[in-house]
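Trainee: model the following, please.
(one chain, ligands or ions: 2)
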Amino acid sequence: MLFNPELCRNESEVESKLIVQYLLPQLGYTPDTWHQEVAVGSIRLDFLAFAVQVVPLVLDANSPLSVVMEAKHPKQNLNHHVPRLRHYLTSLNVGYGLLTNGREIRIYEKVNSDVKLVFQCAGKEVEAKLEDIKDLIGRDSLKNRQLKKKLEIQVLNREQERQLPMKTIAIYHHKGGVGKTTVAVNLAAALSNQGKRVLLIDLDAQANTTFATGLIKFQFEEDDDLKERNVFHLLDAGGENNLLISDVVRKSNGFNQPEVDVIPSHITLIERQPKLAMYGASRTRLAKKLELVKDIYDVVIIDTPPSLDLYASASLTAADYLIIPSDLKPFSNQGLVSVKNFIKTEINENRENMGKQAIRIMGVLPSKISNNNQYIKYTFPKHRSVIPERYQLPLMDNMITERTALSHCINKTLVVGNLEIPDPKSIFEFARYESSASQAAFEFESLGLEVVRKMELN
Ligand SMILES: Nc1ncnc2c1ncn2[C@@H]1O[C@H](COP(=O)(O)OP(=O)(O)O)[C@@H](O)[C@H]1O
Ligand SMILES: [Mg+2]
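Mentor: Ligands and ions are numbered 1, 2, ... in the order given. Sure, this is the predicted structure:
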């Protein structure tokens, strides 16, 4: 059957017979992917077709490659309509424009702020040239080109991301119970939610981070699969137990969506410490093993013990940054002095020996801060100002207030038969069904943004 659009007698026949009945279906545009008489501001388009179905119709910088089709009366000279088509394509960010009066068919491509004629044929040649037209503005080829472009952008993004070096943050204070573990796990979740590849390392023998990320759900000692594969083995010297990060890393279990990678700790770290302490190299081994995974992770977060022992030393030697959670109370402030001395006398010397620069203190993070209005108004500002003034330490911009949701989410359990199984959650997971957790989730989200900004990750 020969289709001859030159037999169209007026503009509306060019629209109905050539475009609606012939071109759109031949080019693969189903009725849900094209629109007729589209008004955008002062612009009125005859036809707008999308490679990908868009509901609702949006036209912005990200709108999928699409085609405008303009039908003219057979007596109209197409040359007169090119400036208008150029205006449509460039101002609406549309990739292609088809212009026809039935006697002639032209296709223009948008190139920056201009258009270029990329195809031209007589109306009666349309069937013979259909494949050429399809290659240019057929729905499948546009979709493929769009997919290719998207993949190219993804590859580009990934390459750019890869250029950003992995950053390691230790969460440390000489004082216990100030919220180190709470901050470590929920900051890890916040960064993971931002799309960062996060490794969380538990270097505290209390193994609270290991618990909080869902790795201690077993009920009986014989089910303990962490004892022989945990963070100790990363610090241990030589032999077959000298394992790499890939040998001991686990995925958190039901903790957060997306989950994070975790290097677990174990209560046996305490009794095993004397062995490590015999070798100075134990303090630098974690830092060296982290070097090997610098292309796999964006951020490493280390939860530490409230001590000045070998585990604390190994943590601070491996970290680029230090965050010090503190309730800002007098006892905690005294701990700040020993943190500073520890860094001055031991940590920075270890680092210097390894050719690493001094650890950067990102800041003291006010943590477990009372919600009491009077406290926030009068005492808290004084407590804050003491940190830079008396201790010459920077403060983080954000703070974490005291909220029961933060302990509830770690201590959540599931009852299965007659067993009560731990089912700990990040504050973000918990906030999905506990509206009382939303404020704390917000504080951690905001902390995550500050940390990324301060690490110059974005
Ligand atoms: N912001 C907070 N609001 C309420 N409870 C908190 C908060 N931060 C920590 N806690 C609770 O305080 C206790 C000690 O916190 P944790 O994070 O384990 O401190 P650390 O690791 O410094 O010992 C835990 O029971 C924890 O649930
Ligand atoms: Mg802890």
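
Trainee: next one: whatever residue of the stretch 101-250 of the chain ends up closest to ligand 2, what pLDDT does it get?
Mentor: Closest approach between the stretch 101-250 of the chain and ligand 2, counting by Cβ to the ion: residue 181, at 3.3 Å. The way it works is simple: take the backbone N, C-alpha and C, and place the C-beta from them, glycine included. Per-residue pLDDT puts residue 181 at 98.

Trainee: same deal with residue 387?
Mentor: As predicted, residue 387 sits at a pLDDT of 97.

Trainee: who does the helix or strand hosting it touch, helix- and strand-wise?
Mentor: Assigned by DSSP states H and E, residue 387 belongs to helix 380-391. The helices and strands touching helix 380-391, judged by 3 or more Cβ pairs under 8 Å, 6 or more residues apart in numbering; DSSP states H and E, are helix 330-342, strand 360-369.

Trainee: most tightly packed of those?
Mentor: Ranked by mean neighbour count under mean count of other Cβ atoms under 10 Å, these are led by strand 360-369, which reaches a mean of 22.

Trainee: gap between that one and the chain center?
Mentor: 23 Å (Cα atoms, centre = their mean, to the nearest Å).

Trainee: so what touches the helix or strand following that strand?
Mentor: Remark: after strand 360-369, the chain's next helix or strand is helix 373-374, criterion DSSP H and E. Counting contacts by Cβ atoms under 8 Å, 6 or more residues apart in numbering, no residue outside helix 373-374 touches it.

Trainee: so which residues on the stretch 201-350 of the chain come close to ligand 2?
Mentor: Residues of the stretch 201-350 of the chain lying close to ligand 2 by Cβ under 5 Å from the ion are residue 208.

Trainee: verify the stated contact: residue 434 with residue 406.
Mentor: No. The criterion here is Cβ atoms under 8 Å, and residue 434 misses it with residue 406 at 11.2 Å.

Trainee: more neighbours: which of those two?
Mentor: residue 406 (24 against 17; other Cβ atoms under 10 Å).

Trainee: sorry, back to before: doesn't the residue of the stretch 101-250 of the chain closest to ligand 2 belong to a strand?
Mentor: No. Residue 181 is assigned helix when assessed by DSSP: H, G, I helix; E, B strand; the rest coil, not a strand.

Trainee: which residues does it contact?
Mentor: For residue 181, the contact set (Cβ under 8 Å, 6+ apart) comprises 171, 204, 208, 209, 212, 303.

Trainee: ok, now which ones touch the closest residue to ligand 1 within the stretch 351-458 of the chain?
Mentor: Going by Cβ to the nearest ligand atom, ligand 1 is nearest to residue 407 of the stretch 351-458 of the chain, at 3.2 Å. The contact partners of residue 407, by Cβ under 8 Å, 6+ apart, come to residue 182.

Trainee: any idea which element it lies in?
Mentor: Applying DSSP H and E, one finds residue 407 within helix 404-411.

Trainee: from the contact counts, what lies against the longest helix along the chain?
Mentor: Looking across the chain with DSSP state H, the single longest helix is helix 139-163. Applying 3+ Cβ pairs under 8 Å, 6+ apart, one finds that helix 139-163 makes contact with helix 130-137.

Trainee: how far out from the middle of the chain is the helix it packs on?
Mentor: Distance, centroid of helix 130-137 to centroid of chain: 39 Å (Cα atoms, centre = their mean).

Trainee: by contact count, what packs against it?
Mentor: Under the contact definition 3+ Cβ pairs under 8 Å, 6+ apart, helix 130-137 sits against strand 96-100, strand 104-111, strand 114-122, helix 139-163.

Trainee: strand 96-100 and that one, what's the angle between them?
Mentor: 140 degrees (axes from the mean of the first three to the mean of the last three Cα atoms, to 10 degrees).

Trainee: which ones are touching the closest residue to residue 328 other than its chain neighbours?
Mentor: Nearest residue to residue 328 in three dimensions, chain neighbours excluded: residue 383, at 4.0 Å (Cβ to Cβ, 6 or more residues apart in numbering). Taking Cβ under 8 Å, 6+ apart, we find residue 383 in contact with 328, 329, 366.

Trainee: in stretch 71-83, what's buried?
Mentor: 71, 72, 74, 76, 78, 81 (16 or more other Cβ atoms under 10 Å).

Trainee: and what of stretch 37-51?
Mentor: 38, 45, 46, 47, 48, 49, 50, 51.

Trainee: how does this protein divide up, domain by domain?
Mentor: Following automatic domain parsing, one finds the domains of the chain at 5-134, 161-454.

Trainee: so, low pLDDT: which residues of the stretch 1-150 of the chain?
Mentor: The model of the stretch 1-150 of the chain has pLDDT under 70 over residues 1-2, 52-65.

Trainee: quick check: end-to-end length of stretch 112-130?
Mentor: In stretch 112-130, first residue to last residue: 27 Å (Cα to Cα, to the nearest Å).

Trainee: and the contacts of it?
Mentor: With contacts defined as Cβ under 8 Å, 6+ apart, stretch 112-130 is touched by 2-6, 8, 18, 22-23, 26, 82, 85-86, 89-90, 97, 100, 102-109, 132-133, 136.

Trainee: could you give me the buried positions within that stretch?
Mentor: Buried-residue list, stretch 112-130, by 16+ other Cβ under 10 Å: 115, 119, 121, 123, 125, 126, 130.

Trainee: quick check, nearest of those to residue 353?
Mentor: Taking Cβ to Cβ as the measure, residue 115 is the one of the buried residues of stretch 112-130 closest to residue 353, at 64.1 Å.

Trainee: look up which residues are beta-bridged to the nearest residue to that closest one once chain neighbours are set aside.
Mentor: If you skip the residues right next to it in sequence, residue 115 has residue 108 as its closest partner in space, 4.1 Å away by Cβ to Cβ, 6+ apart. Going by DSSP bridges, residue 108 is paired in beta bridges with residue 97, residue 117.

Trainee: ok, residue 108 - contacts?
Mentor: Applying Cβ under 8 Å, 6+ apart to residue 108 gives the contacts 82, 85, 86, 89, 96, 97, 98, 99, 115, 116, 117, 118.

Trainee: the same query, at a cut-off of 6 Å, please.
Mentor: 85, 97, 115, 117 (Cβ atoms under 6 Å, 6 or more residues apart in numbering).

Trainee: tell me, how many residues neighbour residue 133?
Mentor: Going by other Cβ under 10 Å, the residues that sit close to residue 133 add up to 18.

Trainee: next: residue 311.
Mentor: 27.

Trainee: tell me the predicted confidence for the closest residue to ligand 2 within the stretch 251-400 of the chain.
Mentor: At 6.0 Å from ligand 2, residue 303 is the closest residue in the stretch 251-400 of the chain, using Cβ to the ion. At residue 303, the model reports a pLDDT of 98.

Trainee: that's all I had, so thanks and see you.
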